[in-house]
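> have a look; sequence and predicted model below, questions after that.
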Amino acid sequence: MKRIRCPKCDEPILFDDSLYTPGRTLVFECPSCRKQFKIRVGGKALTTQNTAAFGTTPEPEEKPAVGYLVVLENTFHLRQIVPLHEGENRIGRHVKGTKAEA
């Protein structure tokens, strides 16, 4: 199961990505604001051939995680596994429409 967010109202929408072949484009309609938007299932959005065309370089690989923070699933949120790296790790909640993070 994958969870995506509506680009207009930030409402979470769940769908099963195993039912679709990689590279297929899906159209969703948000149940709360009725906005229609498209996503592409599977595959990487920007391949190495495409990055040369855009003039950007791929980001350097990150160091391996030292540990993981596991957030348990409840009625309000799905289970999450957050990798922890050496140094400062920022963990919090993004507040849409502001630069503040809770």
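Alright, I've got the coordinates.
> can you find the helix or strand of the protein with the lowest average pLDDT?
The least trusted helix or strand in the chain, going by mean pLDDT, DSSP states H and E, turns out to be helix 48-54, with a mean of 52.
> check what contacts the helix or strand following that helix and list those residues.
Using DSSP states H and E, the helix or strand that follows helix 48-54 towards the C-terminus is strand 67-71. With Cβ atoms under 8 Å, 6 or more residues apart in numbering as the contact definition, strand 67-71 has outside contacts at 77, 79-84, 91. C-beta: built from backbone N, CA, C; applies to glycine.
> just the residues you listed: which are in strands?
In this view, the contacts of strand 67-71 that belong to strands under DSSP state E are 80-84.
> output those in a markdown table; the columns should cover distance to Pro12.
Listed next are the ones in strands among the contacts of strand 67-71 as a markdown table, based on distance: Cβ to Cβ, whole Å:
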| residue | distance to Pro12 |
| --- | --- |
| Gln80 | 13 |
| Ile81 | 18 |
| Val82 | 18 |
| Pro83 | 22 |
| Leu84 | 25 |
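> relative to Arg3, which of the residues you listed is nearest.
Among the ones in strands among the contacts of strand 67-71, Gln80 lies closest to Arg3 (Cβ to Cβ), at 10.4 Å.
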